[in-house]
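Visitor: build me a structure from this.
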Amino acid sequence: MRMVALVIAAVGILVEGVVVGAALFVVGGVIGAYSMSLNGADPGHAQVAIRIAAVVLGALLVALGARLLLAALRQRAARRWTIVALVVQCVVVTIAGVALGWEVFAGTLLVLGTLFYVLLDESDEPARALSGS
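Guide: A predicted model of the protein is given here:
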């Protein structure tokens, strides 16, 4: 069951990384296109800062998702990375719930639940493949 939970969490975080990174990158483009000032900041600097944040946050989420997927394929627990993913996921769930509505909130909550399961699963047995081998 741990492998299934890790795969669900990994796919969810990979999707979130791509979506969050792309959305922030687009916001950076909008700021540049309309010369929007963020609290008096230079629009060029604001655009660069948001695009850097988009790339960094997107890359971190994709890396966490890839690490969880690798842990699932190796049939091992990913304790350290799971804790980091939980913290990032809690932040993403909060932002998504406030900004994007209940559908996105429900999806990110599913990923958070699978991460909690993996984290709290204290069985020493290695994860088993879906075929039962």
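
Visitor: which one in this structure is furthest away from the centre?
Guide: The outermost residue of the chain, judged against the average C-alpha position, is Gly40 (30.8 Å), by Cα atoms, centre = their mean.

Visitor: let me know the secondary structure of it.
Guide: Of the three states, Gly40 takes coil under DSSP: H, G, I helix; E, B strand; the rest coil.

Visitor: please report how far it lies from Ala46.
Guide: Using Cβ to Cβ, to the nearest Å, Gly40 is found at 10 Å from Ala46. From N, CA and C alone the C-beta is placed, and that goes for glycine too.

Visitor: can you check Glu16 too?
Guide: 24 Å.

Visitor: these two: who's more crowded?
Guide: Glu16 (25 against 19; other Cβ atoms under 10 Å).

Visitor: residues in contact with the more buried one?
Guide: Glu16 makes contact with 61, 65, 92, 108, 111, according to Cβ atoms under 8 Å, 6 or more residues apart in numbering.

Visitor: which of the residues you listed fall within helices?
Guide: Judged by DSSP state H, those include 61, 65, 92, 108, 111 as members of helices.

Visitor: the third one: neighbouring residues, count only.
Guide: Same thing as Val92. With other Cβ under 10 Å as criterion, Val92 counts 23.

Visitor: ok, it - contacts?
Guide: 16, 20, 61, 108.

Visitor: need the pLDDT of the second one.
Guide: Model confidence at Val20, given as pLDDT, is 86.

Visitor: sketch out the low-pLDDT regions of the protein for me.
Guide: Along the chain, segments meeting pLDDT under 70 span 122-133.
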